[in-house]
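**Q** below are the sequence and a predicted model for it; my questions follow.
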Amino acid sequence: MEKRARRKPNWILDALVCGGVVASLVYTMATVTEAPSTAQVAAEWILIALGTAGAVWSLVMLARSRQKPG
């Protein structure tokens, strides 16, 4: 069985995807025309929090990966 080389994580892409999801959710919540259910609002806020945390974590990991050791 052939071993595959580990791919380098793409932190910029991760941050952009998380930011896009957060922006999409915020836009959807801001332009809604009728009141959504409580469960839907709770799920959206949880996803916004997780997306924001993911974007921040990706930026932290990007900054760490760009630091030169030593």
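**A** That came in fine, so what should we check first?

**Q** tell me the mean pLDDT for the helix or strand where residue 18 lies?
**A** Per DSSP states H and E, residue 18 falls inside helix 11-30. Mean pLDDT, helix 11-30: 95.

**Q** which other helices and strands contact the lengthiest helix in the chain?
**A** Criterion DSSP state H: the longest helix present in the chain is helix 38-66. Applying 3 or more Cβ pairs under 8 Å, 6 or more residues apart in numbering; DSSP states H and E, one finds that helix 38-66 makes contact with helix 11-30. Bear in mind the C-beta positions are built from the backbone N, C-alpha and C, glycine included.

**Q** in the helix it packs on, what's buried?
**A** The neighbour-count check on helix 11-30 (16 or more other Cβ atoms under 10 Å) flags 11, 14, 15, 18, 19, 21, 22, 25 as buried.

**Q** ok, residues contacting it?
**A** 41, 44, 47-48, 51-52, 54-55, 58-59, 61-62, 65 (Cβ atoms under 8 Å, 6 or more residues apart in numbering).

**Q** please repeat the previous calculation with a cut-off of 10 Å.
**A** Applying Cβ atoms under 10 Å, 6 or more residues apart in numbering, the external contacts of helix 11-30 come out as 10, 36, 40-41, 43-45, 47-66.

**Q** local confidence estimate at residue 39?
**A** 97.

**Q** same question, residue 3
**A** Taking residue 3 on its own, its pLDDT is 80.

**Q** mind checking how far it is from residue 10?
**A** Using Cβ to Cβ, to the nearest Å, residue 3 is found at 21 Å from residue 10.

**Q** more neighbours: the two, which one.
**A** Set side by side, residue 3 and residue 10 show more neighbours around residue 10, with 12 against 5, by other Cβ atoms under 10 Å.

**Q** quick one: contacts for the more buried one?
**A** 16, 17, 58, 62.

**Q** would you mind writing the CA trace of the helix holding residue 18 as CSV?
**A** C-alpha atoms of helix 11-30 as CSV (Å, rounded to 0.1, in the frame of the first residue of the first chain):
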residue,chain,number,x,y,z
TRP,A,11,-5.8,28.2,6.3
ILE,A,12,-6.7,31.1,4.0
LEU,A,13,-9.4,29.0,2.2
ASP,A,14,-10.7,27.8,5.5
ALA,A,15,-11.0,31.4,6.8
LEU,A,16,-12.8,32.5,3.6
VAL,A,17,-15.3,29.7,3.7
CYS,A,18,-16.1,30.3,7.4
GLY,A,19,-16.5,34.0,6.7
GLY,A,20,-18.7,33.4,3.7
VAL,A,21,-21.0,31.1,5.7
VAL,A,22,-21.2,33.7,8.5
ALA,A,23,-21.9,36.5,6.0
SER,A,24,-24.6,34.4,4.3
LEU,A,25,-26.3,33.6,7.6
VAL,A,26,-26.2,37.3,8.8
TYR,A,27,-27.6,38.4,5.4
THR,A,28,-30.4,35.8,5.6
MET,A,29,-31.3,36.8,9.1
ALA,A,30,-31.3,40.5,8.3
